[in-house]
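**Student:** Below is the sequence, then the predicted model.
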Amino acid sequence: MFYWVMKRIFLGPVIKLLFRPWVKGLDNIPAQGAAIIASNHLSFSDSIFMPLMVRRPVVFLAKSEYFTGTGIKGRLTAAFFRLTNQLPMDRSGGAASAASLNAGMEVLNAGGLLGIYPEGTRSPDARLYRGKVGVARLALEAGVPVIPVAMIGTDKVQPIGKRLPNIRRIGMIFGEPLDFSQYREQAEDRTVQRQVTDDIMTHLMKLSGQEYVDEYAAVVKLRLAGKHGEPVAAAEPLAAPVASEGRFVQDAGSGSPAATHSGAGDGAVEDDAGTSAAG
């Protein structure tokens with residue numbers, strides 16, 4: 001109820017009036033049935049603008065830090081994210097990220113729309129970065145289509161670090177659904193997971209017109225901050241799908257194709273799921 005009231009009565013009309021969002025390809029979102037909406041990630045406000053324009057509710061995997069804040073602000077933030085159809089996504093890798101993927105799988109199994117940002121965090125410089133394979137694992141395991149969506153201009157509305165948004169027009173382009181059903185029997189194949197993820201990122205690049213960087217955005221952010229090493233989420237083993245049980249478990253292996261990928265960067269091996277909220 002809160003989600004509907006905010007979208008239809010309070011927040012939605014105000015945002016549409018101020019930012020005049022334009023949309024292309026909205027009919028590519030199925031009227032019913034499960035699907036993944038995979039988006040580029042330029043701004044915190046992506047998670048507000050995009051679901052506002054989609055007729056059906058979109059459930060996002062949001063970074064878990066938004067649900068664990070302390071004090072009045074932290075509690076209000078956590079309440080807002082829960083009431084707006086967002087689920088905590090643990091980005092530390094391993095078993096924690098596997099549990100988060102299971103939550104996303106439950107949304108898809110119930111026939112819902114799951115929003116996810118394959119890059120795993122906001123772009124530090126408006127370029128498109130290497131996708132994390134969680135989106136592929138979810139799509140293959142659930143057997144659902146992936147709708148790529150390009151957010152346009154949201155980085156100008158609310159750049160990283162800016163609290164109050166700039167009032168200017170933004171846009172979004174929804175691409176045609178991507179069908180990976182031919183790979184469903186290979187859902188546990190690391191090479192297939194990487195191939196599917198890269199295909200999704202290629203479509204996002206074409207829709208958005210962004211320059212593509214074959215490196216994880218989280219690694220780049222650490223390097224820009226003068227920190228050495230790599231994010232735990234990029235270094236952890238994969239959470240592997242267990243098809244017979246419809247869930248994900250921590251994978252003890254490390255034989256990931258990304259470990260030898262020329263663009264992995266900073267020695268990062270294969271990663272876990274992407275998240276949706278700003279990171």
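**Tutor:** Noted; the coordinates are in hand. Numbers count the residues shown, from 1 in each chain.
**Student:** Please verify my assumption that residue 139 contacts residue 146.
**Tutor:** Yes. Using Cβ atoms under 8 Å, residue 139 is in contact with residue 146, at 5.1 Å. C-betas here are computed from N, CA, C, even on glycine.
**Student:** Please identify which of the two sits among more neighbours.
**Tutor:** Shown here are residue 139 and residue 146; by other Cβ atoms under 10 Å, residue 139 has more neighbours (29 against 26).
**Student:** Let's see the pLDDT reported for that one.
**Tutor:** pLDDT, residue 139: 97.
**Student:** So it versus residue 111, what's the distance?
**Tutor:** Using Cβ to Cβ, to the nearest Å, residue 139 is found at 15 Å from residue 111.
**Student:** Ok, residue 23 next?
**Tutor:** To residue 111, residue 23 is 23 Å away according to Cβ to Cβ.
**Student:** ok, residue 133 to residue 166 distance?
**Tutor:** Here the criterion is Cβ to Cβ. By it, residue 133 lies 34 Å from residue 166.
**Student:** hang on, the earlier thing: residue 23 and residue 111 - which one has more neighbours?
**Tutor:** Ranked by neighbour count (other Cβ under 10 Å), residue 23 and residue 111 place residue 23 first, with 17 against 12.
**Student:** Can you show me the strands along this structure?
**Tutor:** 22-24, 35-39, 58-63, 86-89, 113-116, 128-129, 146-152, 171-174, 212-213, 239-242, 247-250 (DSSP state E).
**Student:** just flag whichever of these has the lowest average confidence.
**Tutor:** Note on the strands of the chain: lowest mean pLDDT is at strand 239-242, with a mean of 46.
**Student:** got the contact list for the helix ranked longest in the chain?
**Tutor:** Identified as the longest helix of the chain according to DSSP state H is helix 190-208. Here helix 190-208 makes contact (Cβ atoms under 8 Å, 6 or more residues apart in numbering) with 38-40, 118, 128, 130-133, 135-137, 139-140, 146, 148-152, 173, 175, 178, 180, 183, 186-187, 210, 212, 238, 255-258, 261, 270.
**Student:** show me what contacts residue 11?
**Tutor:** Residues in contact with residue 11 (Cβ under 8 Å, 6+ apart) are 48, 52.
**Student:** if we can go back for a sec, for the longest helix of the chain, buried residues please.
**Tutor:** 190, 192-201, 203-205, 207-208 (16 or more other Cβ atoms under 10 Å).
**Student:** Let's see it as PDB, backbone CA atoms only.
**Tutor:** Presented in PDB, the C-alpha positions along helix 190-208 are these (Å, rounded to 0.1, in the frame of the first residue of the first chain):
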ATOM      1  CA  ARG A 190      31.000 -20.400 -15.300                       C
ATOM      2  CA  THR A 191      31.900 -19.600 -19.000                       C
ATOM      3  CA  VAL A 192      28.200 -19.500 -19.900                       C
ATOM      4  CA  GLN A 193      27.500 -17.200 -16.900                       C
ATOM      5  CA  ARG A 194      30.200 -14.800 -18.000                       C
ATOM      6  CA  GLN A 195      29.000 -14.900 -21.600                       C
ATOM      7  CA  VAL A 196      25.400 -14.100 -20.700                       C
ATOM      8  CA  THR A 197      26.500 -11.300 -18.400                       C
ATOM      9  CA  ASP A 198      28.700  -9.800 -21.100                       C
ATOM     10  CA  ASP A 199      25.800 -10.000 -23.600                       C
ATOM     11  CA  ILE A 200      23.600  -8.100 -21.200                       C
ATOM     12  CA  MET A 201      26.300  -5.400 -20.800                       C
ATOM     13  CA  THR A 202      26.700  -5.100 -24.500                       C
ATOM     14  CA  HIS A 203      23.000  -4.400 -24.900                       C
ATOM     15  CA  LEU A 204      23.300  -1.800 -22.100                       C
ATOM     16  CA  MET A 205      26.200  -0.200 -23.800                       C
ATOM     17  CA  LYS A 206      24.300   0.100 -27.100                       C
ATOM     18  CA  LEU A 207      21.200   1.500 -25.400                       C
ATOM     19  CA  SER A 208      23.000   4.000 -23.200                       C
END
